[in-house]
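Q: I would like to see how this sequence folds:
(chains A and B, ligands or ions: 5)
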Amino acid sequence: MAEFLLPKERMKVARQIMPEQDPTIRARNFEEVNLGLTKEQAILDAQRCLQCKKPTCMDGCPVEVDIIGFLELVVKEDFLGAAKKIKEDNVLPAVCGRVCPQETQCEALCVVGKRFEPVSIGRLERFVADYEIFEGVTPDKSSAPKKGKKVAIVGSGPAGLSCAGDLINMGYDVTVFEALHELGGVLVYGIPEFRLPKDIVRKEVDNMRKMGVEFKTNVVIGATYTIDELMQEEGYSAVFVAVGAGLPWFMNIPGESLAGVYSANEFLTRVNLMKAYKFPEYDSPILDCAGKRVAVFGGGNVAMDAVRTAQRLGAEKAAIYYRRSEAEMPARAEEIHHAKDEGVIFEILTTPIEFLGDENERLHSMKCIRMELGEPDASGRRRPVPLENSEYIEPVDIAIVSIGNGSNPLISQTSPDIETNKWGNIIADEDKMRTSKEGVFAGGDIVTGGATVILAMGAGRKAARGIHEYLETGNW
Amino acid sequence: MYDIIEARFLAQDIKLFKIYSPPIARKRKAGQFLILRVSETGERIPLTIADSDQEQGTVTIIVQGIGKTTKELNTLEAGDQIVDVVGPLGKPSEIEKFGTTVSIGGGVGTAIAFPTAVALKKAGNHVITINGARSKDMVILEDEMKAVSDEAYITTDDGSYGIHGFVTTKLQELIDDGRQLDFVLAIGPIPMMRAVAEVTRPHGIHTVVSLNPIMVDGTGMCGGCRVQVDNKVQFACVDGPEFDAHKVDFTNLINRNRVYSEHEQRSLEAYQHRCNLKKQADELVAKSV
Ligand SMILES: Cc1cc2nc3c(=O)[nH]c(=O)nc-3n(C[C@H](O)[C@H](O)[C@H](O)COP(=O)(O)OP(=O)(O)OC[C@H]3O[C@@H](n4cnc5c(N)ncnc54)[C@H](O)[C@@H]3O)c2cc1C
Ligand SMILES: Cc1cc2nc3c(=O)[nH]c(=O)nc-3n(C[C@H](O)[C@H](O)[C@H](O)COP(=O)(O)OP(=O)(O)OC[C@H]3O[C@@H](n4cnc5c(N)ncnc54)[C@H](O)[C@@H]3O)c2cc1C
Ligand code: SF4
Ligand code: SF4
Ligand code: FES
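A: Residues are numbered from 1 along each chain as shown, chains lettered A, B, ... in the order given. Ligands and ions are numbered 1, 2, ... in the order given. Just a heads-up that it's a prediction; the model follows:
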């Protein structure tokens, strides 16, 4: 059995490099880019952990995964035990191991990282979670004594799923209501197959079903049922609202209604959820990107996903247009790097000011303007300022707007007693995720605005504790 | 899975379905729609809820087979199932006591205009309906429309039934006769809705149309259904589908709806090809037995 390395040996072992598909090949397929560490690599990387007295890495994880504990089990080659350990705090390790911005979270605070490269916590999390899935281990039905109380969860994204997982283990009857026909929220309709295979999400959801969580797809809360109806007529004692931030923003520039201009949400939903890349085997169409010029506006993860998707659909030029410089891009470094390797073009310090179309209102070009960076703005990032006389016209066939999402008003319109802030986000308290309406909790992107999978999951956990306390004590 | 309780053709290519979904049947109001997916590889398409029966737990849709999905749907019968049905979506029609109202339905649009006509009648309006079709055999819901109308008119393009002409022919006539019209609701092909808007505009008659842009989720998440109303972007699935006819940019809607026409053609051809192959195979099997 392997052991942790002595300090001297450790210096000789480098952070293990995860194998990935060759960029020129993967740029044309939808299979996963990262292939995962091998068993040998996983053990070797885990051996680099110092098993710190004060494991600072855990402060960097929003759900406080027992990193030190699971790494120890990896070194002991007890991968199933390691997976179980992670699942005590994180019900979706195969997902988080893939999409967490580890470099700014757990790994950023890893002590080894001060002198060398940090322990590959995220990749190891992915490794053990995949190992468990591959071994076909599935959880048992929750054995917690039944509380005889029903909790409704609205939305099946990471926030909803993590809340459901905790509540079912506490003995509540949990029903998750999902508006779409598939479960997983952004994990299925937003994040592409090549970064997060949908099979993985499906397996994680199936596991929760086996634990006893009930899922109801095709139910829009606010339309099919209101929250009051759930509580007064359908017998739910508490409701957790985890509907995400799905209302795409547009740039409000002329020509945005031309055919050929998409929101990133629509583009990605067509491809991921509706499988438009398999048209006509699947019925939903998407404009043909093959041999076309595709422009994506924005610098976040969503923009990277959209542009890399366009590249895979055969775009001749798939380009990111971002009004600041690369340093200010909110996307994960790995995503930017992957995009570049795949041939994506980066037009930084550039923004469109008008879309132009033909007589049938089909997009054919855009007017752009160059920017330079000025003084820092409220967000601390340097503000982009337009450069005079820098306007130019560039041909473009498909434009994808990816500048962020606002909050969907369906819930707040039908439950006006749930308070929202000026951006329409639901207001919930920090520790218990309570809203202004008794019995109703909220968390994830609908509260914070677009954030991360793991933060949404953290909110789901907090809400589960808050709900439990409320249902036990009756105190609001 | 959602059960089809009843299915029957009302006219050529126009079929009525009753689908079992008690929660939608209970909640739906006139003007709202549902989204369904026929099969696991299918697309999500919006269809207006023409009627509902709370006791039976069913919702009624009336479907015109124009492309792959609607034609495939129209092959289904009572006892068959649909994989996904979600609703009720969109804002309900604004029903008030306006006075004299005109509900105009063109083609399958009549099915969409029908529930609102019922609601307008209930609200105490003098209800006029104009039901337009290409020809006599394409007229649908004639008896139902008559039953809720104080005055019911039918127009056919070819004059084979009712008034010879378009729905606007009759509408113009009512206006020319000096009738006081307080509210007009027009639903049908986009050119028809635009024509109605132009007839009522000079008279300042409050006119509403139900728009049919291409949708995906129907919950405000994708922005694909956006329409230009009063030079502002609106999402038809959550802000509509009904809008002030005099403020709608119809040209933009027509152009946006055309964006996948090549795909739609390909999809339909592939589907019909598969259907033909299946028919031939079935015939061969039948012969060999
Ligand atoms: C393309 C893309 C890439 C991303 N990449 C990353 C990444 O690499 N790493 C990372 O950490 N984060 C990433 N994010 C962000 C992350 O996905 C989100 O922060 C996270 O999914 C939020 O979780 P949530 O549970 O709050 O909401 P969501 O995941 O949005 O789920 C909400 C669910 O609620 C459903 N719903 C909405 N309204 C209703 C209603 N009225 N009734 C019933 N159901 C409803 C929705 O259909 C949806 O399924 C990405 C986001 C996108 C869009
Ligand atoms: C709110 C609303 C209510 C509607 N109510 C009815 C109804 O009661 N009865 C009825 O017969 N039809 C109704 N429609 C139209 C119906 O949705 C389309 O006819 C159907 O989607 C066509 O699909 P297809 O595959 O058969 O045809 P296709 O060949 O794919 O398309 C034909 C045309 O239908 C439209 N269309 C295509 N895909 C979609 C989509 N996903 N969403 C919306 N439109 C699309 C486009 O304009 C396209 O040019 C409604 C549409 C909307 C938006
Ligand atoms: S959940 Fe994310 S932040 Fe936490 S340990 Fe795992 S990879 Fe790191
Ligand atoms: S900080 Fe790094 S070295 Fe220390 S316990 Fe955590 S992973 Fe191991
Ligand atoms: S259909 Fe997606 S926003 Fe309306």
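Q: contacts only, for the closest residue to residue A:358 other than its chain neighbours.
A: Nearest residue to residue A:358 in three dimensions, chain neighbours excluded: residue A:364, at 5.6 Å (Cβ to Cβ, 6 or more residues apart in numbering or on different chains). Placement of C-beta: from N, CA and C, glycine included. Listed by Cβ atoms under 8 Å, 6 or more residues apart in numbering or on different chains, the contact set of residue A:364 reads A:356, A:357, A:358, A:395, A:396, A:397.
Q: of those residues, which is the most crowded?
A: Most neighbours among these, by other Cβ atoms under 10 Å in any protein chain shown: residue A:396, with 23 neighbours.
Q: my guess is that one meets residue A:293, correct?
A: Yes - assessed by Cβ atoms under 8 Å, residue A:396 is found in contact with residue A:293 at 5.1 Å.
Q: residue A:241: neighbour count?
A: Residues near residue A:241, counting by other Cβ under 10 Å, number 30.
Q: could you do residue A:362 as well?
A: Quick note: residue A:362 (other Cβ under 10 Å) scores 16 neighbours.
Q: and it, what does it touch?
A: Residue A:362 sits next to A:258, A:259, A:260, B:255, B:259 when contact means Cβ under 8 Å, 6+ apart.
Q: and if you look at residue A:57?
A: So residue A:57 contacts A:67, A:68, A:106, A:107, A:109, A:110, A:111, A:118, A:119, A:121 (Cβ under 8 Å, 6+ apart).
Q: from ligand 5, how far off is the fourth one?
A: To tie it back to what came earlier, the one meant is residue A:107. Look at residue A:107 and ligand 5: by Cβ to the nearest ligand atom, to the nearest Å, they are 37 Å apart.
Q: check which residues of stretch A:233-246 are buried.
A: Burial within stretch A:233-246, assessed by neighbour count using 16 or more other Cβ atoms under 10 Å in any protein chain shown, is assigned to A:236, A:237, A:238, A:239, A:240, A:241, A:242, A:243, A:244, A:245, A:246.
Q: would TSV of these with distance to residue A:428, secondary structure and pLDDT be doable?
A: What follows is the buried residues of stretch A:233-246, written out as TSV (distance: Cβ to Cβ, whole Å; DSSP: H, G, I helix; E, B strand; the rest coil; pLDDT from 0 to 100):
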residue	distance to residue A:428	secondary structure	pLDDT
A:236	18	strand	97
A:237	18	strand	96
A:238	13	strand	96
A:239	12	strand	97
A:240	10	strand	98
A:241	9	strand	97
A:242	11	coil	96
A:243	13	coil	96
A:244	14	coil	93
A:245	14	coil	86
A:246	18	coil	81
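Q: is ligand 2 within reach of the helix or strand of chain B with the lowest mean pLDDT?
A: Each helix and strand of chain B was given a mean pLDDT (mean pLDDT, DSSP states H and E); the minimum falls on helix B:261-288 at a mean of 84. Yes - against ligand 2, helix B:261-288 shows contacts by Cβ under 6 Å from any ligand atom at B:261, B:264, B:268.
Q: measure residue A:458 to ligand 1 for me?
A: From residue A:458 to ligand 1 the distance is 11 Å (Cβ to the nearest ligand atom).
Q: please save the CA atoms from stretch B:212-232 in CSV.
A: Coordinates of each C-alpha in stretch B:212-232 appear next as CSV, following Å, rounded to 0.1, in the frame of the first residue of the first chain:
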residue,chain,number,x,y,z
ASN,B,212,-46.4,32.5,-32.3
PRO,B,213,-42.6,32.9,-32.3
ILE,B,214,-40.3,29.8,-32.2
MET,B,215,-40.0,28.7,-28.6
VAL,B,216,-37.7,26.3,-26.7
ASP,B,217,-38.3,26.3,-22.9
GLY,B,218,-41.3,28.5,-22.6
THR,B,219,-40.2,29.8,-19.2
GLY,B,220,-38.2,32.9,-20.1
MET,B,221,-34.9,31.1,-20.0
CYS,B,222,-33.6,31.1,-23.6
GLY,B,223,-34.8,34.4,-25.1
GLY,B,224,-35.5,32.6,-28.4
CYS,B,225,-39.1,33.7,-28.4
ARG,B,226,-38.3,37.4,-28.3
VAL,B,227,-40.5,39.8,-30.2
GLN,B,228,-40.3,43.5,-30.8
VAL,B,229,-43.3,45.3,-29.3
ASP,B,230,-43.3,49.1,-29.1
ASN,B,231,-39.6,48.9,-30.1
LYS,B,232,-38.8,46.9,-26.9
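Q: any idea how far it is from the chain center?
A: Computed by Cα atoms, centre = their mean, to the nearest Å, the chain-centroid distance of stretch B:212-232 equals 17 Å.
Q: do the same with stretch B:276-289
A: The chain centre lies 36 Å from the centre of stretch B:276-289; the measure is Cα atoms, centre = their mean.
Q: likewise for stretch A:311-329?
A: 19 Å.
Q: measure it end to end?
A: End-to-end distance of stretch A:311-329 (Cα to Cα, to the nearest Å): 20 Å.
Q: also stretch A:161-179?
A: 14 Å.
Q: is it anywhere near ligand 5?
A: No - for stretch A:161-179, no contact with ligand 5 is found by Cβ under 6 Å from any ligand atom; the gap never falls below 10.9 Å.
Q: how about that stretch, does it get close to ligand 3?
A: No - against ligand 3, stretch A:161-179 shows no contacts by Cβ under 6 Å from any ligand atom, the least distance being 10.7 Å.
Q: still on that earlier bit, packing partners for the least confident helix or strand of chain B?
A: The contact analysis (3 or more Cβ pairs under 8 Å, 6 or more residues apart in numbering or on different chains; DSSP states H and E) places helix B:261-288 against helix B:68-73.
Q: and the helix it packs on, how far out from the chain's middle?
A: 15 Å.
Q: ok so, going back, if we look at ligand 5, which of the contacts of residue A:362 are close to it?
A: Of the contacts of residue A:362, not one also sits near ligand 5 (Cβ under 6 Å from any ligand atom).
Q: from these, which is closest to residue B:98?
A: Nearest to residue B:98 among the contacts of residue A:362, counting by Cβ to Cβ, is residue B:255 at 32.4 Å.
Q: can you verify the closest one is assigned to a helix?
A: Yes - under DSSP: H, G, I helix; E, B strand; the rest coil, residue B:255 falls within a helix.
Q: next, the contact list for it, please.
A: A:258, A:259, A:360, A:361, A:362.
Q: the residue of the stretch 101-250 of chain A found nearest ligand 4: neighbouring residues, count only.
A: Proximity to ligand 4, evaluated over the stretch 101-250 of chain A using Cβ to the nearest ligand atom, is greatest for residue A:110 at 3.4 Å. Residues near residue A:110, counting by other Cβ under 10 Å, number 25.
Q: ok, it touching residue A:118?
A: Yes - with contacts counted by Cβ under 8 Å, residue A:110 reaches residue A:118, the gap being 3.6 Å.
Q: all the strands of the stretch 1-150 of chain B, in order from the start?
A: B:2-11, B:14-20, B:33-37, B:45-48, B:51-53, B:58-64, B:81-82, B:84-89, B:100-106, B:126-133 (DSSP state E, counting those that start in this stretch).
Q: make a markdown table from those and add distance to residue A:276 and mean pLDDT to it.
A: Shown next, in a markdown table, are the strands of the stretch 1-150 of chain B (distance: least, Cβ to Cβ, whole Å; pLDDT from 0 to 100):
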| stretch | distance to residue A:276 | mean pLDDT |
| --- | --- | --- |
| strand B:2-11 | 24 | 91 |
| strand B:14-20 | 26 | 94 |
| strand B:33-37 | 14 | 96 |
| strand B:45-48 | 15 | 95 |
| strand B:51-53 | 32 | 92 |
| strand B:58-64 | 23 | 93 |
| strand B:81-82 | 21 | 94 |
| strand B:84-89 | 17 | 95 |
| strand B:100-106 | 31 | 91 |
| strand B:126-133 | 35 | 92 |
